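Asks: one predicted model, sequence on top.
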Amino acid sequence: MTKGTLLQNASYLAGDGLTPTRGDILIKDGKIAGLGEGLNPEAGLDLVDASHYLVTPGFVNTHSHAAMSLLRGYGGDQNLKTWLTEYIWPVEAKLTDEDVYWGTLVSLVEMLAAGVTVIADMYDHMDAVAQACLDAGIRANLSRGMIGFNDDDRHSLKENDALYDRWHNAEGGRIKVWYGPHATNTCSPDYLAEVAAHAQNRATGIHIHVSETKEEFDELQEKYGQTPVALAQAAGLFKGPCLIAHGVWLTEEDKAILAANDVGLAHNPASNMKLASGACPVADLRQAGVKVGIGTDGASSNNAQSVLRDAQLAALMQKLTRLDPTLVSAQEALTMATIEGAQALHWDEEIGSIAVGKAADLVCFDTDKPWWIPNHEPAATLIYAAHSDDVDRVYAAGQLVYHQGDWPRLDTERIFYEGCSRAKKLLQG
Ligand SMILES: CSC[C@H]1O[C@@H](n2cnc3c(O)ncnc32)[C@H](O)[C@@H]1O
Ligand SMILES: [Zn+2]
């Protein structure tokens, strides 16, 4: 039994400001126990020569549907409505707990190898998702996705209650449960209000898709005379912690509402581009004070599951759509992928940056690659040049969860077999 790990002589990005620093990182009891030069390599520690590493905080995936790896490559090149109603939902109706367990693991294997150490996942069969997260060693904010218009839909709200009772704060607080009303246009205002009351009674949060497409924006304007954000506010969703996914179509007033209510936003640039939903006004939102994290969305609308890749796209997309190269700098994109994502999830006291006392969720990039040379601006290298493949080792809560193509906690041969055979059965059977 090891007493902990000492990463020696590393370059790392320290604190919320991601300040380039050189020194050792001591990991004990799942936390960062010391930072500094020449820390004592006491007996019993795993000593790691980290001189060729750049160590970053673990990446925060603020919006995922991990089990959708089973639908990767299916229903491509459609808009959101066609993709969901004609392709995705008919197949999802056939999913079993086991499908979701193995599908989630396929994504978690990919995410861990890309340095993702926390996900905010909304889906069905959430006990299976929770079990997969526990087995993979990843930190998770979980919510049962709920579509609700009438009394027949109350069963999923009961499932979210049961998920909360069973899993909230499990694994020493590494699993949190929020509530997941699917979207402002797939739940009635009354249903949203009921969900909000359930979340508030348990002092927990809400994760919901809001204002993803112009079609949704126009539909709610016509039906209720409100923007999706105004409707969500009126239903009481913003009284407690709330994370909205997408937020592409926003008025100036919507942006002010989100900022005033401390609503976090999960920006999913790959999904927004692939489904041609539009460009989220990330720079305006951050300027207004909204905490914006990065999300991958599911593997059928991305199709990769790397927060680093989406952070890279976030920087490039904002510059292009606003014709302003100063917007979303590399440093800002990296901030969104780490501490700001943690803030959007109200989890920043424990995770999101490299500081003594925080969880040891750490990513070690191998910098012995030509595209890392020279590396005088690590944030720029990471955002504009690095590959997810440069990740050499990943710690989650101090445990080594990925190292050079190996996932010590997981039987990846079985996971890949189950992923392939279940996807084949679902899509062909
Ligand atoms: C009811 S569980 C969650 C639900 O969300 C679907 N989904 C995946 N990506 C998106 C997206 O970009 N917008 C809206 N809904 C999405 C997923 O397929 C599940 O059905
Ligand atoms: Zn989504």
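Replies: Yes, it's here. Ligands and ions are numbered 1, 2, ... in the order given.
Asks: so whatever residue of the stretch 1-150 of the chain ends up closest to ligand 1: helix, strand or coil?
Replies: Among the residues of the stretch 1-150 of the chain, Gly145 lies closest to ligand 1, at 2.3 Å counting by Cβ to the nearest ligand atom. (C-beta placed from N, C-alpha, C; glycine too.) What DSSP: H, G, I helix; E, B strand; the rest coil gives for Gly145 is strand.
Asks: how about the one 10 residues further on?
Replies: At His155, secondary structure determined by three-state DSSP is helix.
Asks: count of neighbours near it?
Replies: The local packing of His155 (other Cβ atoms under 10 Å) involves 10 other residues.
Asks: from ligand 1, how far out is it?
Replies: To ligand 1, His155 is 13 Å away according to Cβ to the nearest ligand atom, to the nearest Å.
Asks: need the pLDDT of that residue.
Replies: Model confidence at His155, expressed as pLDDT, equals 93.
Asks: do Met1 as well
Replies: 64.
Asks: list the contacts of stretch 314-331.
Replies: 18, 267, 269, 272-273, 279, 282-283, 294, 332-333, 336, 377, 379-380, 382-384 (Cβ atoms under 8 Å, 6 or more residues apart in numbering).
Asks: near ligand 1 too, which of the residues you listed?
Replies: For ligand 1, no contacts are drawn from those by Cβ under 6 Å from any ligand atom.
Asks: now the buried members of the residues you listed.
Replies: Neighbour-count burial (16 or more other Cβ atoms under 10 Å) applied to the contacts of stretch 314-331 gives 18, 267, 269, 272-273, 282-283, 294, 332-333, 336, 379-380, 382-383.
Asks: in the stretch 101-250 of the chain, which spans are helices?
Replies: 126-136, 154-167, 170-173, 189-201, 214-224, 228-234 (DSSP state H, counting those that start in this stretch).
Asks: could you pull out the buried residues of the longest one?
Replies: Going back to what we said before, that points to helix 154-167. Neighbour-count burial for helix 154-167, counted by 16+ other Cβ under 10 Å, picks out Ser156, Leu157, Glu159, Asn160, Asp161, Leu163, Tyr164, Trp167.
Asks: which of the buried ones among the contacts of stretch 314-331 sit farthest apart?
Replies: Taking Cβ to Cβ, the two most distant members of those are Leu18 and Met273; they sit 25.8 Å apart.
Asks: quick one: low-confidence ranges for the stretch 51-200 of the chain?
Replies: 151 (pLDDT under 70).
Asks: what does it have sitting close to ligand 1?
Replies: For the stretch 51-200 of the chain, the contact set with ligand 1 under Cβ under 6 Å from any ligand atom comprises His65, Leu80, Leu84, Ile88, Glu92, Met122, Tyr123, Asp124, Gly145, Ile147, His182, Ala183.
Asks: buried members of those residues into ChimeraX, please.
Replies: Restricted to buried positions by 16+ other Cβ under 10 Å, the ChimeraX selection for those reads:
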select :65,80,84,88,92,122,123,124,145,182,183
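Asks: tell me what the residue of the stretch 1-150 of the chain closest to ligand 1 is bridged to.
Replies: In this entry, Gly145 is beta-bridged to Gly180, by DSSP bridges.
Asks: doesn't Met122 make contact with it?
Replies: Yes. The pair Gly145 and Met122 passes the contact test of Cβ atoms under 8 Å, sitting 4.6 Å apart.
Asks: identify the contacts common to these two.
Replies: With Cβ under 8 Å, 6+ apart, Gly145 and Met122 have common neighbours His65, Gly180, His182.
Asks: ends of stretch 366-378, what's the gap?
Replies: 12 Å (Cα to Cα, to the nearest Å).
Asks: next, give phi and psi for Glu377.
Replies: phi -130, psi 80 (degrees, to the nearest 10).
Asks: now it, nearest residue through space, not along the chain?
Replies: In space, and not counting its chain neighbours, Glu377 is closest to Ala330: 7.2 Å by Cβ to Cβ, 6 or more residues apart in numbering.
Asks: distance check, that neighbour against Leu54.
Replies: Separation of Ala330 from Leu54 (Cβ to Cβ, to the nearest Å): 13 Å.
Asks: so the most centrally placed residue in the chain, which state does it fall into?
Replies: For the chain, the residue nearest the mean C-alpha position is Asn61 (1.5 Å; Cα atoms, centre = their mean). Of the three states, Asn61 takes strand under three-state DSSP.
Asks: of Ala330 and Leu54, who's got more company?
Replies: Leu54 (23 against 19).
Asks: ok, back up a step: reformat the helices of the stretch 101-250 of the chain as a markdown table; add distance to Pro408.
Replies: What follows is these, written out as a markdown table (distance: least, Cβ to Cβ, whole Å):
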| stretch | distance to Pro408 |
| --- | --- |
| helix 126-136 | 11 |
| helix 154-167 | 24 |
| helix 170-173 | 17 |
| helix 189-201 | 36 |
| helix 214-224 | 43 |
| helix 228-234 | 42 |
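Asks: quick one, what contacts Ile32?
Replies: Ile32 neighbours (Cβ under 8 Å, 6+ apart): Ile25, Leu26, Ile354, Ala355, Val356, Gly357, Lys358, Ala359, Ala360, Leu362.
Asks: I'd assumed Lys274 was in contact with Ala301.
Replies: Let me fix one detail, which is that residue 301 is Ser and not Ala. Yes. Counting by Cβ under 8 Å, Ser301 touches Lys274, with 5.7 Å between them.
Asks: and those two? Which one has more around it.
Replies: Comparing Ser301 with Lys274 by other Cβ under 10 Å, the one with more neighbours is Ser301, at 26 against 19.
Asks: check which helix or strand the residue lying closest to that one once chain neighbours are set aside maps to.
Replies: Excluding the flanking residues, the one nearest Ser301 by Cβ to Cβ, 6+ apart is Ser271, at 4.3 Å. For Ser271, the host element (DSSP states H and E) is helix 269-274.
Asks: tell me what the helix or strand that that helix is followed by is packed against?
Replies: As assigned by DSSP H and E, the chain's next helix or strand after helix 269-274 is helix 282-288. On a contact count with 3 or more Cβ pairs under 8 Å, 6 or more residues apart in numbering; DSSP states H and E, helix 282-288 meets helix 252-260, strand 292-294, helix 307-322, helix 330-337.
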